[in-house]
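Peer 1: Just need the structure, nothing else, for what follows:
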Amino acid sequence: MQLRILLALIISFNVGPAFAKCDVLSWQFGMSPEEVAAIADCGPYKSFNNGDLETYNGVFNGKKENFQFFFHDEKLRRIGVYLYEGQDPAAGAKIWLELYASLAKLFGDIETPENVAPTSKETSDAFMETALKTVQNLGKTQMAPAAQPKDAFAFSSFMRNEVEGESYYYIVLYFDSFP
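Peer 2: Coordinates of the predicted model:
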């Protein structure tokens, strides 16, 4: 299945008419930074020193999120949807569980190294606890659909970084194009 079809499913399941624009389908792999930024309804865009872009007006699962656009040779190669950035690991774990459910609904089986798929309240709690322990011990955990779209690679990371002695947690859903 193609990534564009899968992303259309995200929209049809989770987005109402108020969020008809600025979903992942608004941007296409291969666009230049200027073409990405030309989708003005989804801006404003911030430009990083290396030419990558971000907007806080992208929509995933019916909510505005931080979208970051990564370019190689002036072509869009990766879209990162930043679903959580903060210092509360429990809040991050809850979003990680929600993301698992969204990905499973769209893609089917989800691979979760070092973890077991949540199927009940008890296993959902264990899923979050295991994710937190993995992030604390290894710095990150990941998950990805077992069956990938044929034109892209989708995966997600739940990460911890130390900044000036403080722990920060991030959950990012990535869509990578094939070169």
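Peer 1: Contacts for stretch 138-155 next, please.
Peer 2: Residues external to stretch 138-155 that are found in contact with it (C-beta atoms under 8 Å, 6 or more residues apart in numbering): 1-6, 29, 99-100, 103, 106-115, 131, 134-135, 156-161, 173-178. Heads up, the C-betas are built off the backbone N, CA and C, glycines and all.
Peer 1: actually stretch 73-86, sorry about that
Peer 2: By C-beta under 8 Å, 6+ apart, the residues outside stretch 73-86 that reach it are 24, 27-33, 36, 51, 58, 60, 65-71, 91-92, 95-96, 99, 168-177, 179.
Peer 1: Pairing partners for the closest residue to residue 95 other than its chain neighbours in the sheet, please.
Peer 2: Beyond its immediate neighbours in the sequence, the residue positioned closest to residue 95 (C-beta to C-beta, 6 or more residues apart in numbering) is residue 84, lying 4.6 Å away. Under DSSP bridges, the beta-bridge partners of residue 84 are residue 171.
Peer 1: and the contacts of stretch 138-155, which are buried?
Peer 2: With neighbours counted using 16 or more other C-beta atoms under 10 Å, these contain these buried positions: 3, 6, 29, 99-100, 103, 106-107, 110, 112, 115, 131, 134-135, 156-160, 173-177.
Peer 1: How far off centre is whichever strand or helix holds residue 91?
Peer 2: Assigning secondary structure by DSSP states H and E places residue 91 in helix 89-107. Here the centre of helix 89-107 is set off from its chain's centre by 10 Å, with C-alpha atoms, centre = their mean, to the nearest Å.
Peer 1: Give me the next element, helix or strand, following the helix or strand of the chain with the lowest mean pLDDT.
Peer 2: Sorting the helices and strands of the chain by mean pLDDT, DSSP states H and E puts helix 3-14 at the bottom, at a mean of 46. Using DSSP H and E, the helix or strand that directly follows helix 3-14 along the chain is helix 33-37.
Peer 1: Would you mark the buried spots in that following helix?
Peer 2: Residues of helix 33-37 classed as buried by neighbour count (16+ other C-beta under 10 Å): 33, 36, 37.
Peer 1: All good on my end, thank you.
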